[in-house]
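>>> give me the fold of what follows.
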Amino acid sequence: MVEWLIEPLGYSFIVRGLIAGILAGTACAVLSAFIVWRGMAFVGDAMAHAILPGIVLAFMAGISLFAGALVAAILTAVGIGLLSRRGGMKEDTAIGVMFTGFFALGILLLSKVTSYQDLTHILFGDILGVARGDLIAMLVIMLIVIVAVLFFYKELLVTSFDPGHSVAIGLSPELVRYGLLLLIALTVVAAIQVVGVVLVLALLVTPAAAASLLAKRLPQIIGLGMVFAVISTVVGFYASYYADVASGSAIVLTLTMIFLMAFVYQSIRKWMMRSQ
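A predicted model of the protein is given here:
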């Protein structure tokens, strides 16, 4: 059993991949509760697709894909905020405009690349291809997310549940929302390397969705979500190594199984309480 656990850790690129998965999963889980409770799931999915032009431009310029994705994600977050507030649009409309516009631009630029085989990992993730520099960037992003949530926890909490009251006590829901959008942008960029564009939404939504079935208080949901994200990363990572399947898919499927188990547990618990 011990040898089974240690064997994959004998390779440095596998260790980097595992650490990257834990860092990205933790950052996503910290924001997951706010994303679910604010109904911002579509935002994360939109950002994941809207960063494509930044990645392609970075690839064409021969610079870090991580940097290109980060710039595109931040521009998307700011664009969504400006259109939905100062532009008078509903948020889902602003998201749709930014999502489709940036994604179409990315596809157009991609058609100009002679060979985009090196970019396929953006769609499906490449956890084993994480470089040391990427790992450091993911660590910085995770720390930024955790510190920001700790420092602005009350502001995030109040504006999430009672925007009217937050205005009455002198808070700016719009400013808090901009901050949350930027944090989501950073987190999406970190998660893309692990699970890819297609599955990044799962890391942003499923941890809190599962945790909210077992806990009601926000700190508990965030803590449980982090635990679920780490467990799914480790289990999915080992499953991908020994079963020779895609790491991103294995991680997300493990997280989905955790959600289903939490759902079944809650259903049985409710049934038992009603039958008493």
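
>>> where in the chain is the helix or strand with the lowest mean pLDDT?
Within the chain, no helix or strand scores below helix 120-124, which has a mean of 63 by mean pLDDT, DSSP states H and E.

>>> for the chain, longest helix please?
Assignment by DSSP state H gives helix 173-211 as the longest helix of the chain.

>>> orientation of the helix or strand following that one relative to helix 173-211 in degrees?
Using DSSP states H and E, the helix or strand that follows helix 173-211 in sequence is helix 218-243. Relative orientation of helix 218-243 versus helix 173-211 (axes from the mean of the first three to the mean of the last three C-alpha atoms, to 10 degrees): 60 degrees.

>>> quick check: buried residues in helix 218-243?
218, 221-230, 232-241 (16 or more other C-beta atoms under 10 Å). For the C-beta atoms, the positions are set from N, CA and C on the backbone; glycine is no exception.

>>> next, the contact list for Thr100, please.
For Thr100, no residue meets the contact criterion (C-beta atoms under 8 Å, 6 or more residues apart in numbering).

>>> so it is in which element?
helix 91-111.

>>> CA atoms of that helix as PDB?
Output in PDB follows, covering the C-alpha atoms of helix 91-111 (Å, rounded to 0.1, in the frame of the first residue of the first chain):
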ATOM      1  CA  GLU A  91     -25.200  40.700 -15.900                       C
ATOM      2  CA  ASP A  92     -26.100  37.600 -17.900                       C
ATOM      3  CA  THR A  93     -26.300  39.700 -21.100                       C
ATOM      4  CA  ALA A  94     -22.900  41.300 -20.400                       C
ATOM      5  CA  ILE A  95     -21.400  37.900 -19.700                       C
ATOM      6  CA  GLY A  96     -22.800  36.500 -23.000                       C
ATOM      7  CA  VAL A  97     -21.400  39.500 -25.000                       C
ATOM      8  CA  MET A  98     -17.900  39.200 -23.500                       C
ATOM      9  CA  PHE A  99     -17.900  35.400 -23.600                       C
ATOM     10  CA  THR A 100     -18.900  35.000 -27.300                       C
ATOM     11  CA  GLY A 101     -16.900  38.000 -28.500                       C
ATOM     12  CA  PHE A 102     -13.600  37.000 -26.800                       C
ATOM     13  CA  PHE A 103     -14.100  33.300 -27.700                       C
ATOM     14  CA  ALA A 104     -14.800  34.100 -31.300                       C
ATOM     15  CA  LEU A 105     -11.600  36.300 -31.400                       C
ATOM     16  CA  GLY A 106      -9.700  33.400 -29.900                       C
ATOM     17  CA  ILE A 107     -11.000  31.000 -32.600                       C
ATOM     18  CA  LEU A 108     -10.100  33.500 -35.300                       C
ATOM     19  CA  LEU A 109      -6.600  33.900 -34.000                       C
ATOM     20  CA  LEU A 110      -6.300  30.100 -33.600                       C
ATOM     21  CA  SER A 111      -7.100  29.700 -37.300                       C
END
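
>>> with that, I have no additional questions.
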